[in-house]
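>>> fold the following and give me the result.
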Amino acid sequence: MSKLTLLTIAVVVLLVLNLGVAGFLFLQKPPLAQGGPRPFEHGPRNRIIAMLHFEKEQVEQYEELIRGHRASVRLLDERIRNVKTNLYQTLNEQESSVSDSLINELGELQKQVENVHYTHFLEIKRLCKPDQLAYFQELTGHLADFFAPQKKDPPLPRE
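Numbers count the residues shown, from 1 in each chain. Below is the predicted model of the structure:
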């Protein structure tokens, strides 16, 4: 057998193997998609349920708390967006007192958002049974990480 024939056979075998592996990877369903929820999808919800060892009834009550919390935050976020729109429209004006008052209003709205979050976690604490309070205490050490901003794209290079 010549070197050219051997090389041709090796290339064909490697090509078939690569196509087989690529097909396997693209056609196989992800293991978690085959059934049941992903452990931490939908934000921190499932992570909190798991960390606090909530029972079915507690999960239902927690989901009700989540609905109320989301509604409150959504309203505040909308107000913040409106105030920011008004603030940035002042960039075309000479008067700075309007922008100062809008910035103060944004600070107050952000304070309200943080109060809504804090109250939400107090309500979650009230759902805990006495034996779950130690888990809640551990959870409080991680809450800031749960809601930290996601990693953003790297900054664009300067020209």
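
>>> wait, Leu87 sits on Leu102?
Yes - contact criterion Cβ atoms under 8 Å: Leu87 and Leu102 qualify, at 4.2 Å. Heads up, the C-betas are built off the backbone N, CA and C, glycines and all.

>>> tell me where this protein has helices.
3-27, 45-52, 56-89, 97-127, 133-140, 143-146 (DSSP state H).

>>> what mean pLDDT does the third one get?
Pointing back at helix 56-89 there. For helix 56-89, the mean per-residue pLDDT is 94.

>>> which strands and helices sit next to it?
Packing contacts for helix 56-89, counted by 3 or more Cβ pairs under 8 Å, 6 or more residues apart in numbering; DSSP states H and E, involve helix 45-52, helix 97-127.

>>> tilt between the last one and helix 133-140?
Using axes from the mean of the first three to the mean of the last three Cα atoms, to 10 degrees, one finds that helix 97-127 and helix 133-140 are set 150 degrees apart in direction.

>>> what mean pLDDT does helix 97-127 have?
Helix 97-127 comes out with an average pLDDT of 93.

>>> list the buried residues for that helix?
Neighbour-count burial for helix 97-127 flags Ser99, Leu102, Glu105, Leu106, Leu109, Gln112, Val116, His120, Phe121, Ile124, Leu127 (criterion: 16 or more other Cβ atoms under 10 Å).

>>> with stretch 81-95 instead?
Buried residues in stretch 81-95, counted by 16+ other Cβ under 10 Å: Val83, Leu87, Thr90.

>>> what does stretch 48-56 give?
Those would be Ile48, Ile49, Met51, Leu52, Phe54, for stretch 48-56 by 16+ other Cβ under 10 Å.

>>> show the pLDDT at the first one.
Among the per-residue scores, Ile48 holds a pLDDT of 90.

>>> just checking, it touches Ile124?
Yes - shown here, Ile48 and Ile124 form a contact pair, counting by Cβ under 8 Å, at 7.1 Å.
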